[in-house]
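1. Fold the following for me, if possible:
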Amino acid sequence: SGSGKSTLLNQLAGLEKPTRGVVRIGGVPISQLNENQLAAFRQKHIGFVFQSYNLLPELTAAENVAMPLMFKGNAPDVLYANLYWVKDFAKNGWITPMNDYFDEETISDFYADFRNYATVDGKMYGFFNATDIATIVYRKSLLEAAGIEIPAEDECWTWEQFVEAGKKLTQDTDNDGKIDVWGIGVSASNEGTTTYTNFPMYFMAGGTLVDENGNSTCGGEAAVKTMQFYYDLLNTYKTTPPESYAYSHSEMVSAFNAGQYAMLFDASWSIDTLAPQFPEDVYAMLYPVPQAGDASQSLCGGWVYTIMAEEDETKQLAADFIREMIAVDLCVARYNENMALPVRHSAFDRIINEENDPVRKSWMTVFSKQMEHTNLKPGDAIYDIIQDEYTVHLAQVMKGEMSAQDAVTDMENKIQQRGKEAGLIK
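-> Numbers count the residues shown, from 1 in each chain. Purely as a prediction, here's the structure:
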């Protein structure tokens, strides 16, 4: 404290002038520039995050970031944007609709939920190039040994059937009075993977996260039902270890690899790391549903190609570049290189048809089906608060510190309180 850190940063950014000496950046003596010259120099060369933020409160975080690009007139022709930014940028007129540059056949080849996410006022403003998806992984040999009928790749268990399977799979294999293999791996650690793997259950219970104004809708009976389900897995059915609420995702994956779980709430990005430990034995299945006949849902993320170019000729060039980046051949190549899931039907079909490994073919068949009903992570600023409060209260429920009803009520209040303190809720 008091060593001059803030003063140094202010000097380097030209926000303060030295009492003696000269500050140079790239050979430019910025301490000798006038205010207009300094503003122009900072706009071109310096990014500065203030301790007190100094953001424009009427703009979103994404809009605050993008605005300087607009002012200095050198925004990229193609912006590869986090999915969170697309709707804000489209509403501000900063990106161009794709409909004038891509035919309907190409657009309709993308899974509907991804098209809808990038659509504002009937126009589509971006293309996802890859994604990942929440899924259930399991060891086939353990289910078969327990006499459990495994659902087909395009079918799913109900929550009740999932629990019954978990109970059969939880076993003391060496008869020493201790459980050696747990039926179901779940976690309530305070990290994004917890909500990533839990929210599909919440969605299927009828839950939503934010409304069209960016306000939280997380909670209600859907949250009570989902948190109670996790509590029951731990405390009523005893299909998961007593301390599982504290396990991180990486610890859950390690435990699965050590043979301690038969099934695991997981994500597509890690299934490739599980398979080598149990060759030809690690499979994926659709998320279980509350009632028979319900559609299995999941959760996805991703990045989006958008056009920010202003001139018509440059827009066409940008569209041509995006066309290459979302081409089916490139989607297949990404999958082969790093297991990135395509968001195009035709790419999934080709991968499944060309895949020689029967296990990987099965994974992709399940993922393709799961992609038909998925939810994309909301881009609203309050989502970080939602994730944090949801995981904290889920852990409290699993530990028996609060009932599911009381936890959800408290969670709703905390989200509102923190949202107001952060200026996210008027």
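
2. For the nearest residue in space to Gln370 that is not next to it in sequence, give me the pLDDT.
-> Spatially, and ignoring its direct neighbours in sequence, Gln370 is nearest to Ser298 (4.8 Å; CB to CB, 6 or more residues apart in numbering). Quick note: C-beta positions are derived from backbone N, CA and C, even for glycine. On the pLDDT scale, Ser298 is placed at 96.

3. swap in the one 5 residues further on?
-> Predicted confidence (pLDDT) at Trp303: the value is 89.

4. Now do it: how many residues are near it, please.
-> Look at Trp303: counted by other CB atoms under 10 Å, it has 18 neighbours.

5. How about the contacts made by it?
-> Contacts for Trp303 (CB atoms under 8 Å, 6 or more residues apart in numbering) come out as Tyr80, Ala81, Asn82, Leu83, Phe128, Asn129, Ala130.

6. ok, now how distant is it from Pro378?
-> Separation of Trp303 from Pro378 (CB to CB, to the nearest Å): 15 Å.

7. Could you do Asp172 as well?
-> Using CB to CB, we find Asp172 at a distance of 43 Å from Pro378.

8. And these two? Which one has more around it.
-> Legend: neighbour count by other CB under 10 Å for Asp172 and Pro378, higher for Pro378 (21 against 11).

9. which stretches of this protein have low pLDDT?
-> Low-confidence segments of the chain (pLDDT under 70): 52-53, 56-60, 62-63, 66-74, 426.

10. Show me how far the longest helix seen in it is from its chain's centre.
-> Longest helix in the chain, counting residues (DSSP state H): helix 404-421. From the chain centre to the centre of helix 404-421 is a distance of 22 Å (CA atoms, centre = their mean, to the nearest Å).

11. Any buried residues in that helix, and which?
-> The neighbour-count check on helix 404-421 (16 or more other CB atoms under 10 Å) flags Ala404, Ala407, Val408, Thr409, Asp410, Met411, Glu412, Lys414, Ile415, Gln416, Arg418, Gly419 as buried.

12. Looking at the residues you listed, which is nearest Gln396?
-> Gln396 lies nearest to Ala407 out of the buried residues of helix 404-421, by CB to CB, at 5.6 Å.

13. Apart from its chain neighbours, what residue comes closest to the closest one?
-> In space, Ala407 is closest to His393, 4.2 Å off (CB to CB, 6+ apart).

14. One more: Lys315?
-> Leaving aside its chain neighbours, Lys315 sits nearest to Ala309 (4.6 Å; criterion: CB to CB, 6+ apart).

15. Does that neighbour belong to a helix, a strand or coil?
-> Of the three states, Ala309 takes coil under DSSP: H, G, I helix; E, B strand; the rest coil.

16. Can you give me the distance of it to Asp154?
-> 42 Å.

17. just to revisit the earlier point, could I get the buried residues of helix 404-421 as a markdown table with distance to Leu233?
-> Listed next are the buried residues of helix 404-421 as a markdown table, based on distance: CB to CB, whole Å:
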| residue | distance to Leu233 |
| --- | --- |
| Ala404 | 13 |
| Ala407 | 16 |
| Val408 | 17 |
| Thr409 | 22 |
| Asp410 | 21 |
| Met411 | 19 |
| Glu412 | 23 |
| Lys414 | 24 |
| Ile415 | 24 |
| Gln416 | 29 |
| Arg418 | 28 |
| Gly419 | 30 |
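
18. which stretches of this protein form strands?
-> 24-25, 28-29, 78-82, 119-120, 123-124, 127-128, 134-139, 182-185, 261-267, 282-285, 298-300, 303-307, 374-376 (DSSP state E).

19. Look up how far Asn336 lies from the closest residue to Met339 other than its chain neighbours.
-> Excluding the flanking residues, the one nearest Met339 by CB to CB, 6+ apart is Asp272, at 4.9 Å. Separation of Asp272 from Asn336 (CB to CB): 12 Å.

20. about what we covered before: Ala309 and Asp154: which is more packed in?
-> When Ala309 is set against Asp154 and neighbours are counted by other CB under 10 Å, the residue ahead is Ala309, at 19 against 13.

21. so what's the residue nearest to Gln370 up against?
-> With contact taken as CB under 8 Å, 6+ apart, Ser298 is in contact with Ile133, Ala134, Thr135, Pro200, Tyr287, Gln370, Met371, His373, Thr374, Asn375.

22. Just the buried residues of the residues you listed.
-> Buried members of the contacts of Ser298, scored by 16+ other CB under 10 Å, are Ile133, Ala134, Thr135, Pro200, Tyr287, Gln370, Met371, His373, Thr374, Asn375.
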